[in-house]
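A.B. asks: Any chance you could fold what I've pasted below:
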Amino acid sequence: MTTQQVYDPVAPCLTATAAPHRFLEQLSGKVVGFLDNAKPNFNHLVDDLAEILVRDYQVARVVKRRKRSASQGAPEAMLQELADQCDAVITGSGD
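C.D. replies: This is a model prediction of the structure:
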């Protein structure tokens, strides 16, 4: 009989603090941001979602930013820009 060791790939975040929650009553007139993690096809999903949000939910503006790669965190300046400009930010993954 052999023993196999299984590792949990989820690491705790040691530096982040919980941000206060804000809820939007509606999307109309709001600015929605997308943080593209640079995985294949997420940019296509973002384009489609942005169109739907503006057309069907009267979102005032969509801000799109793209990380350099999926394996790197977004630069602090990019995160701050999204926080300053947007009422809501959606991050995601493609493939």
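
A.B. asks: could you say which helix or strand contains L45?
C.D. replies: Element membership for L45 (DSSP states H and E) is helix 42-57.

A.B. asks: Quick check: what element follows that helix along the chain?
C.D. replies: Defined by DSSP H and E, the subsequent element after helix 42-57 is strand 61-66.

A.B. asks: Using neighbour counts, pick out the buried residues of whichever helix or strand comes after that following strand.
C.D. replies: Beyond strand 61-66 in the direction of the C-terminus, DSSP H and E gives the next helix or strand as helix 76-85. For helix 76-85, burial by neighbour count (16 or more other CB atoms under 10 Å) applies to L82. In short, each C-beta sits where N, CA and C put it, glycine included.

A.B. asks: Quick check: mean pLDDT of helix 76-85?
C.D. replies: For helix 76-85, mean pLDDT rounds to 95.

A.B. asks: Am I right that Q26 is in a helix?
C.D. replies: No: counting by DSSP: H, G, I helix; E, B strand; the rest coil, Q26 is not part of a helix but coil.
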